[in-house]
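# Here is a sequence together with a model predicted from it:
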Amino acid sequence: MDQIKHFLKNIRTDYNLADFDLKTADTDPVNQFAVWMKMAVDANVNEPNAMNLATVSAFGQPSSRIVLLRNFDHDGFVFFTNYQSHKGRELESNKKAALNFFWSELHKQVRIEGSVIRVPEWDSDEYFGSRPRESQIGALVSQQSHELNSREELEQKVENLTKELSGKEIKRPLNWGGYQVIPHFFEFWQGRPNRLHDRIKYEKLDSGWKLSRLYP
């Protein structure tokens, strides 16, 4: 353990790939996000749509996990999950969340904060219908975030349901669907040498988005 602790204290990465400035930043954070997401895709970043989703319980306890961004536009950022999962229950009691994208290959990070709503049922139906059949069955079987006795129990349920639904259309379960994070805050972080990083903040005002530079 001492060896890994020593390693953690001394690991260093020299961030020197690019810069980011108020003069070059798009005045619309969603447009700026689209530019950086395309850069991540073009650079073959592994799962560029992977994002850390942070939620807070009704008692003020934060929790986070990685989920996948499935859509975004000026209305918000969309992901899908089981409504009865840990994150789903927290989002129902506290409809605020934070997202974080980190593309280490590009030395870029984006933080997003906002309120959360469920997407329309037709949107959830459409996305569920586009998923691989195995993923559809998994969504039906999984009581996400609840205790499971064994891996064998899960696999047996999948096998039984696969046989039962053979040749049949699989409909979206009512406890599964999408959430949309409606942003009021963005921060774009570009790693720079000597930890003097570029950080540009976007705050939503009635008149539009206000841009500011932050200390690293």
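In hand now; what should we look at? Values in this document were obtained by computation on a predicted structure and should not be read as measured data. Residues are numbered from 1 along each chain as shown.
# neighbouring contacts of the helix or strand where residue 160 lies?
Residue 160 belongs to helix 151-164 when elements are defined using DSSP states H and E. Residues outside helix 151-164 that contact it (C-beta atoms under 8 Å, 6 or more residues apart in numbering): 137, 138, 140, 141, 142, 148. (Each C-beta comes from the backbone N, C-alpha and C, glycine too.)
# Tell me, how many residues neighbour the first one?
Using other C-beta atoms under 10 Å, residue 137 is surrounded by 19 other residues.
# Confirm it sits in a strand?
No - counting by DSSP: H, G, I helix; E, B strand; the rest coil, residue 137 is not part of a strand but helix.
# surely it meets residue 171?
No - at 11.8 Å, residue 137 does not count as touching residue 171 under the criterion of C-beta atoms under 8 Å.
# Just give me the residue closest to the centre of this protein.
residue 51 (3.2 Å; C-alpha atoms, centre = their mean).
# Just grab the bridge partners of that one for me.
Assessed by DSSP bridges, residue 51 has beta-bridge partners residue 67.
# separation between it and residue 28?
20 Å (C-beta to C-beta, to the nearest Å).
# Count the residues that sit near residue 46.
9.
# Likewise for residue 163?
Neighbour tally, residue 163, other C-beta under 10 Å: 8.
# Adjust the sequence numbering to begin at 53 for everything that follows.
Sure, I'll start numbering at 53, so the last one becomes residue 215.
# Report the secondary structure state of residue 105.
Here residue 105 is recorded as strand under three-state DSSP.
# wait, what's in contact with it?
116, 117, 118, 119, 131, 139, 149, 150, 151.
# Double-check that residue 71 belongs to a helix.
No - counting by three-state DSSP, residue 71 is not part of a helix but coil.
# and stretch 100-118, how far apart are its ends?
Stretch 100-118 has an end-to-end distance of 12 Å (criterion: C-alpha to C-alpha, to the nearest Å).
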